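> sequence plus predicted model, see below.
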Amino acid sequence: MSRRFAVQAGAISLLGLGANHLQPLRAAAAAGAGAKLTAAGKSVIFIFLSGGIGQHDSFDPKPDAPDNVRGEFAPIATQTPGIQICEHLPMLAARSKHWSLVRSLTHPYNEHSQGHMVMLTGRTLLPPTFNASKPTPQDWPSIAAIAGATTRPRNNLPPAVVLPERMIHRTGRVIPGQFAGEMGPNREPWFIDAAPFNGQSYGAFPEFEFDHQNGTKHVAGLKFQAPSLEMPEHLPTGRMLKRMDLLASIDGQRKSLDRAAQTEEFDRHRQAAISLLTDKSIRSAFDVTAAEPEIQDRYGRNSFGWSLLMARRLVEAGVNLVQVNLGNNETWDTHGNAFPNLKNLLLPPMDRAVSALLDDLSASGRLDDTLIVMAGEFGRTPKVFGLPQHYKLPGRDHWGAVQSVWLAGGGIAGGRVIGATDSMGGYAADSPQTPENLAATIYSALGLPDTVAWEDELGRPHPVYFGEPIRGLT
């Protein structure tokens, strides 16, 4: 688990709550001093489909297009008259009163790392030092990092969290755009590494684990492991308090946190870290694999379902923004064997998990206070093509020119469609939207005014908004 976040059972010694664990807490509190979160601020769950989901095969079907554009899937009616989506999203179709679509988001990039950079940061222009193979310190900060730095923590949890893993390609390429970049390492979002990276499979393991080339595949030992915040049984309260006293007496560790830190700041962050161990409501937010069987069945007993269940619980516990990466290793990159993989292994677990999230937030009365956004780094080509040397069946290539974005809650009016594509689904034909506008929609939901800025170590302000919230959604 991430050194920046995890406090592991069996490994906890309060002497071990040093800079690596407390740094994010310190950064969050420092940001909170100048935070701009207003009373109207909502929570956000940003679902990211790494690899790029095809618009034709999800939320923008083209039933009247030629066969090599339409693809193999048929459209189905949703609960909203006039709106059709893919036949393999029946649960979402039945809940269209809660969600709306933007069918015209566009940017100029067809390469994965470039697409991730612009969609995860909300800035179309690539940073000058952009490197497709790894993040750089001069990258634009991610939306999650900005939310963590500019919204006020509501409790001892960080204001922004990314789960269930960092996005790392099977080749070892660490995908840029998901980190703090020029904001500095102390302002990284908190990563909950609950799904161990592996370069051998894709999808919602263990139920829907597969290989793009060779179909269903299971990797031994691959396990969704939510972080444990339990204290070990051999560490009773009295002993813990003694260790707290011992910790307070060690000046060297205090200096390692930050030579400029004040004693009261150290004490505040120490208390915050300890609260992660002792607060039952916080612990339960992470313990999703032990949730009631009925709950797990509704979300799905897989990494997609557990991740969105954890996201819902974290929002309820007070986290402002949760980014959920549904599928590592660019899972949604359906170059070949696209239609069987989407039909059997990708769309069903996404459909179920997102629908369960909608149901629970609606039932609890929190949907109006929680914006849910679902997008990838780009769409996919209008034409279906084949690469017989690599895949048995055809698929679609990368396509930055247009993609569909799904939104719900947070004041979004359900049953609406913003923008449209041409008859082939290849380009925005009406109301084109940019990554900047999508990011502005998220920041606005968080209660951030368009004048908000984050400050670097030299006190220089950097704007957050580079676009306007998408109009017509509310």
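Nice, thanks for sending it over. Since this is a predicted model, take the numbers as computed values, not measurements. Numbering: from 1, shown residues only.

> run through the bridge partners of Ala428.
On the basis of DSSP bridges, Ala428 takes part in beta bridges with Thr421.

> that one and Val102 touch, don't they?
No. Counting by CB atoms under 8 Å, no contact exists between Ala428 and Val102, whose distance comes to 9.9 Å. For glycine as for every other residue, the C-beta is placed from the backbone atoms N, C-alpha and C.

> these two: which has the busier surroundings?
Val102 (27 against 19; other CB atoms under 10 Å).

> can you list contacts of the host helix or strand of the more buried one?
Assigned by DSSP states H and E, Val102 belongs to strand 99-105. When contacts are defined by CB atoms under 8 Å, 6 or more residues apart in numbering, strand 99-105 is touched by residues 55, 59-60, 83, 92, 358, 372, 375, 402-408, 412-421, 428-435, 437-438, 470, 473.

> who are the contact partners of the closest residue in space to Glu188 that isn't next to it in sequence?
Using CB to CB, 6 or more residues apart in numbering and skipping residues adjacent in sequence, the residue nearest Glu188 is Ala180, 4.6 Å away. Shown in contact with Ala180 (CB under 8 Å, 6+ apart): Pro141, Ser142, Ala145, Ala149, Asn186, Arg187, Glu188, Pro189.

> so how far is Met374 from the third one?
Relative to Met374, Ala145 is positioned 20 Å away (criterion: CB to CB, to the nearest Å).

> more neighbours, those two?
Per other CB under 10 Å, whichever of Ala145 and Met374 has more neighbours is Ala145, with 28 against 23.

> next SSE downstream of the longest helix belonging to the chain?
Once the chain is assigned using DSSP state H, the helix that runs over the most residues is helix 347-364. Per DSSP H and E, helix 347-364 leads on to strand 370-376 as the next helix or strand towards the C-terminus.

> chain center to that next one: distance?
Distance of strand 370-376 from the chain centroid (CA atoms, centre = their mean, to the nearest Å) equals 8 Å.

> now that strand: buried residues?
By neighbour count on 16 or more other CB atoms under 10 Å, the buried set for strand 370-376 is Thr370, Leu371, Ile372, Val373, Met374, Ala375, Gly376.

> quick one: mean pLDDT over that strand.
What strand 370-376 shows for mean pLDDT is 98.

> that strand: partners in the sheet, and parallel or antiparallel?
Partners of strand 370-376 in its sheet, by DSSP bridges: strand 43-49 (parallel), strand 403-409 (antiparallel).

> how about CSV for those, with distance to Val315, mean neighbour count and mean pLDDT added?
As requested, these are arranged in CSV below (distance: least, CB to CB, whole Å; neighbours: other CB atoms under 10 Å; pLDDT from 0 to 100):
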stretch, distance to Val315, mean neighbour count, mean pLDDT
strand 43-49, 4, 25, 98
strand 403-409, 10, 25, 98
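
> how about those strands in JSON lines, adding distance to Leu314?
Output for these, formatted as JSON lines (distance: least, CB to CB, whole Å):
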{"stretch": "strand 43-49", "distance to Leu314": "9"}
{"stretch": "strand 403-409", "distance to Leu314": "15"}
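
> among these, which comes closest to Thr334?
strand 43-49 (10.8 Å; CB to CB).

> list residues touching both of Ala428 and Val102?
Looking at what touches both Ala428 and Val102 (by CB under 8 Å, 6+ apart), the common residues are Gly419.

> on that earlier part again, quick one: distance of the following helix or strand past the strand holding Val102 to the chain centre.
Downstream of strand 99-105, the next assigned helix or strand under DSSP H and E is helix 112-121. How far helix 112-121 lies from its chain's middle: 13 Å, per CA atoms, centre = their mean.

> residues contacting helix 112-121, please?
Contacts of helix 112-121 (CB under 8 Å, 6+ apart): 48, 50-52, 107, 109, 123-124, 126-127, 130, 132-133, 139-144, 167, 169, 173, 175-178, 181, 330, 333, 375-378, 398, 400, 435, 438-439.

> would you mind checking those for buried ones?
The neighbour count (16+ other CB under 10 Å) marks 48, 50-52, 107, 109, 123-124, 126-127, 130, 139-144, 167, 169, 173, 175-178, 181, 330, 333, 375-378, 398, 400, 435, 438-439 as buried among these.

> for the spatially most central residue of the chain, give me its contacts.
In the chain, the C-alpha nearest the mean C-alpha coordinate belongs to Gln323, at 2.3 Å (CA atoms, centre = their mean). Contact analysis of Gln323 by CB under 8 Å, 6+ apart lists Ile45, Phe46, Ile47, Phe48, Ser142, Ile143, Ala144, Ala160, Val161, Val162, Leu163, Pro189.

> hang on, it in a strand?
Yes. The assignment for Gln323 by DSSP: H, G, I helix; E, B strand; the rest coil puts it in a strand.

> what sits opposite it in the beta ladder?
Beta-bridge partners, per DSSP bridges, of Gln323: Phe46, Val162.

> any figure for the gap between it and Val384?
Gln323 sits 31 Å away from Val384, going by CB to CB.

> with Lys62 instead?
Taking CB to CB, one finds Lys62 at 12 Å from Val384.

> so between those two, which is more surrounded?
Each of Lys62 and Val384 has its neighbours counted (other CB under 10 Å); Val384 has more, 23 against 19.

> distance of Asn68 from Asn110?
For Asn68, the distance to Asn110 - CB to CB - is 19 Å.

> comparing those two, which shows the higher neighbour count?
Asn110 (18 against 11).

> of the contacts of strand 99-105, grab the buried ones for ChimeraX.
Applying 16+ other CB under 10 Å to these leaves a buried subset, and the ChimeraX line that selects it is:
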select :55,59,60,83,92,358,372,375,402,403,404,405,406,407,408,412,414,415,416,417,418,419,420,421,428,429,432,433,434,435,437,438,470,473
